[in-house]
Structure formats: structure tokens, C-alpha cells
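[1] missing the sequence, but the structure's below:
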């Protein structure tokens, strides 16, 4: 029975590691959900304050947003208020290119007009060589 005991022991170790991995994954998911909720609450507070200052918003809306944010902080701890230059950096979205594409010499034709030099090729012709962007299509 020595071999069976070793197999059983290894299986128990594998199960323990898997459960630990699941626990860590769940903790990370909970963290991300709390961060997204905090981000939404901060956005709502900013929107309420902006409308109060610039249009027909009320102080009651600002107070309600602040109360919800305070409740979130009480439940989840302090907020991460650091700013990033890329608003999509935390949610996994692709960041925009570092430099904008080079301007093209022509423009896309408007409906009913003939193509101009440097504009998108007509159907059936070969694509132009070099850099082009979606605006050229």
C-alpha cells in the first residue's frame, strides 16, 4: 500500500494548492470589483458636483453621492486616488498609439463624388503602398 499512500498524499497536496489558487483568484476578483465600484462612485460624485456648479444640479445630489462613497470606504477601506494618464490602463483596454498616424495627402471621397488623388482606392484595385489609416478606407 506504499504506492497508493504516496498517490493519495500527492492528490491531497494538489487539491490544497488548487483551493489556495481559487481563494487567491476570488480575492483578486473581489478587489477588482471593489475598485470598479469605487471608480463609478467617484465618477458619480464628480458628475453631481459638476452639474451643481455648472447647471441645474443640487447640493443634495452631491451629498448623496458623498454618502455612498463614504459607505464604500467604510466597507472596503481607503480609496486609491492616484491618477493615471491613461484612463483605460486599469481595465485592460488597449492604449492608443504613442504617436498619431501621419496625415494623408488626400481625403476619402464623399458620397457621389469621384475619388481624388491620395484617396481610398476603388473596389477591385490594389491597396496603396506605405502607411494608411482607417480614414483612407
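    Perfect, I can see it now. Because the structure is a prediction, the values reported are computed rather than measured.

[2] Looking only at residue counts, what's the top helix in this structure?
    helix 2-54 (DSSP state H).

[3] what element comes up after it heading to the C-terminus?
    Counting by DSSP states H and E, the next helix or strand C-terminal to helix 2-54 is helix 59-76.

[4] Against which helices or strands is that following helix packed?
    When contacts are defined as 3 or more CB pairs under 8 Å, 6 or more residues apart in numbering; DSSP states H and E, helix 59-76 sits against helix 2-54. The way it works is simple: take the backbone N, C-alpha and C, and place the C-beta from them, glycine included.

[5] Over to residue 79: give its phi and psi.
    Dihedral angles of residue 79 (phi, psi; degrees, to the nearest 10) stand at phi -90, psi 150.

[6] hmm, back to that, and the angle for the longest helix of the chain with helix 59-76?
    Computed by axes from the mean of the first three to the mean of the last three CA atoms, to 10 degrees, the angle separating helix 2-54 from helix 59-76 equals 160 degrees.

[7] Now helix 2-54: average pLDDT?
    Average pLDDT, helix 2-54: 93.

[8] and that helix, what does it pack onto?
    Counting by 3+ CB pairs under 8 Å, 6+ apart, helix 2-54 packs on helix 59-76.

[9] residues in contact with the helix it packs on?
    Helix 59-76 is contacted by residues 34, 37-38, 41-42, 44-45, 47-49, 51-52, 79 when judged by CB atoms under 8 Å, 6 or more residues apart in numbering.

[10] So for that helix, what gets flagged as buried?
    By neighbour count on 16 or more other CB atoms under 10 Å, the buried set for helix 59-76 is 61, 62, 65, 69, 72.

[11] For the closest residue to the third one other than its chain neighbours, give me its contacts.
    Counting by CB to CB, 6 or more residues apart in numbering, the nearest residue to residue 65 once its immediate chain neighbours are dropped is residue 45, at 4.1 Å. Counting by CB under 8 Å, 6+ apart, residue 45 makes contact with 62, 65, 66, 69.
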